[in-house]
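> Following is a predicted model, sequence given first.
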Amino acid sequence: MQILDGKVTAAQIRLELSEVVKERKLQGKKIPHLAAILVGNDGGSVTYVNAKVKACEEIGFESTLIRYDDSVPEDILLAKVQALNEDKSIDGFIVQLPLPAHIDEQKVTLAIDPKKDVDGFHPMNLGNMLLDIPGFICATPAGIMELLERNNIETEGKNCVIIGRSNIVGTPLSLLLGRNKSPGNCTVTLAHSRTQHLAEICGNADILIAAIGQPGFITADMVKEGAVVVDVGTTRIEDPTKISGWRLAGDVDFEGVAPKTSFISPVPGGVGPMTIASLMMNTLKAMELKGK
Ligand code: GUN
C-alpha cells in the first residue's frame, strides 16, 4: 500500500507556481490576484478560506479577503460580486459556500463572471468542462485528477466508482474520469444515497472515490484487493485529545481499508491540499486567459 500524499503533491505544485511568479516578477509582468468572499463564521469555511489565502502568500500571488457578517443582505453580496467582476486588478475570485439560508447560492454563482470563476461553479464553466472547451474545472475534481496523474495512477479502462453526486465533486468528477483523455477513459459508476447493492458495486471498483460526508462509511469489506481509494470526506468530529476539540474525519475507515489498497489518500493530507493547489492553478490560468 502506498499513500496518495496530497500534501507532498500540492507542495510540488505550489513550488512550480512560485517559480512562475518569480519569473513573471523578473519580466515585470502582472502577478495573479485571487479574491475570496467569506460570509459568516462557519469554522470549516473560515479554515478553508484562510488556507487559500495562506497558499497565495506562499506562492507569491496577491490575495484579497472580503468578509461579511452572516446577516449581509443578498443585494450587498451581489453588488460586491459585480464590483469584483469589473475590478481589473482581480484575476479570479471565489464566494465560499455554503452561504446563509437567506441568500440564493445559485443567484450568486450565476452573477460571477465565468472568466473569473476560478471555482468553476458557473454553468458556463461546467458546460465547457463537459465539451472539453478550455475553462475552469472545479477545484476538488481537478485536484483529484492532478493527484492521480502526478502519482502515475493508471485510469485507462478501469472501473471507477464514485460515491456522492454533488455538483461540485461527484458529478463533475464522473465526467472527467469518463472522458476520452488521460487521465480518464474509466468506466464510471456514480453511486448515491439511493444506490442499491452499494457494497457489491464498490467491491468491483479499481478506483473508489468516496465523497459522501459520512465518516468511516467505506469499510474493508466494500473494497477490492489492490484498489486505489480516494477519500474526499472532511467531516469535523469531536476529539478531546486535540487542542481545538475536533479533528477531520474522512469517509473511509482508513485503518481497516488501507492494507487492502494499492494506493489510498489520507484525511487530512489527501484531497484537501490538492483542492487548494487547483484553485491556485486556476487563478494563474485566469490571468493567462486574459492574455496578461
Ligand atoms: N465549499 C466547500 N468547498 C468549496 C469550494 O471548493 N469552493 C467554495 N467556494 N466553497 C466551497
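Looks like it arrived, so ask away. Numbering: from 1, shown residues only.
> Start from the N-terminal end of this protein and give the helices.
Per DSSP state H, the chain carries helices over the ranges 6-26, 43-59, 74-86, 105-111, 123-131, 139-150, 170-178, 198-202, 254-257, 271-289.
> Out of the ones you listed, flag the one nearest the ligand.
The ligand lies closest to helix 139-150 among the helices of the chain, at 4.8 Å (Cβ to the nearest ligand atom). In short, each C-beta sits where N, CA and C put it, glycine included.
> report the angle between the axes of that closest one and helix 6-26?
100 degrees (axes from the mean of the first three to the mean of the last three Cα atoms, to 10 degrees).
> Next, the buried residues of helix 139-150.
For helix 139-150, the neighbour count (16 or more other Cβ atoms under 10 Å) marks 139-148, 150 as buried.
> Which single residue in this structure comes nearest to the ligand?
Distances between the chain and the ligand by Cβ to the nearest ligand atom are smallest at Leu97, namely 3.7 Å.
> pLDDT at the nearest residue to that residue once chain neighbours are set aside, what is it?
What sits nearest to Leu97 in space, not counting adjacent residues and going by Cβ to Cβ, 6 or more residues apart in numbering, is Glu105, at 6.2 Å. pLDDT for Glu105: 97.
> Likewise for the one 3 residues further on?
Here the pLDDT value assigned to Val108 is 98.
> which residue sits closest to it in space, ignoring its chain neighbours?
Once flanking residues are discounted, Val108 sits nearest to Val95: 5.5 Å by Cβ to Cβ, 6+ apart.
> count of neighbours near Phe136?
29 (other Cβ atoms under 10 Å).
> Can you report phi and psi for it?
Main-chain torsions, Phe136, degrees, to the nearest 10: phi -100, psi 130.
> isn't it right next to Asp117, touching?
Yes - using Cβ atoms under 8 Å, Phe136 is in contact with Asp117, at 5.7 Å.
> sorry, back to before: would you reformat the helices of the chain as CSV and include distance to the ligand?
Formatted as CSV, these follow (distance: least, Cβ to the nearest ligand atom, whole Å):
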stretch, distance to the ligand
helix 6-26, 14
helix 43-59, 6
helix 74-86, 12
helix 105-111, 9
helix 123-131, 13
helix 139-150, 5
helix 170-178, 11
helix 198-202, 24
helix 254-257, 21
helix 271-289, 6
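> Compile these into CSV and extend it with columns for distance to Ile264.
Putting the helices of the chain into CSV (distance: least, Cβ to Cβ, whole Å) gives the following:
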stretch, distance to Ile264
helix 6-26, 11
helix 43-59, 22
helix 74-86, 38
helix 105-111, 32
helix 123-131, 27
helix 139-150, 12
helix 170-178, 17
helix 198-202, 14
helix 254-257, 7
helix 271-289, 11
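> re the thing from before, how many other residues sit next to the residue nearest to Val108?
24.
> List the residues that contact it.
Each residue near Val95 by Cβ atoms under 8 Å, 6 or more residues apart in numbering is listed here: 36-37, 39, 77, 81, 108-109, 112, 119.
> Quick one: residues contacting the residue nearest to Leu97.
So Glu105 contacts 97-99 (Cβ under 8 Å, 6+ apart).
> next one: Gly92
32-35, 116-118, 136, 282-283, 286-287.
> Just the buried ones from these?
Those of the contacts of Gly92 that meet the buried threshold are 32-35, 116-118, 136, 282-283, 286-287, by 16+ other Cβ under 10 Å.
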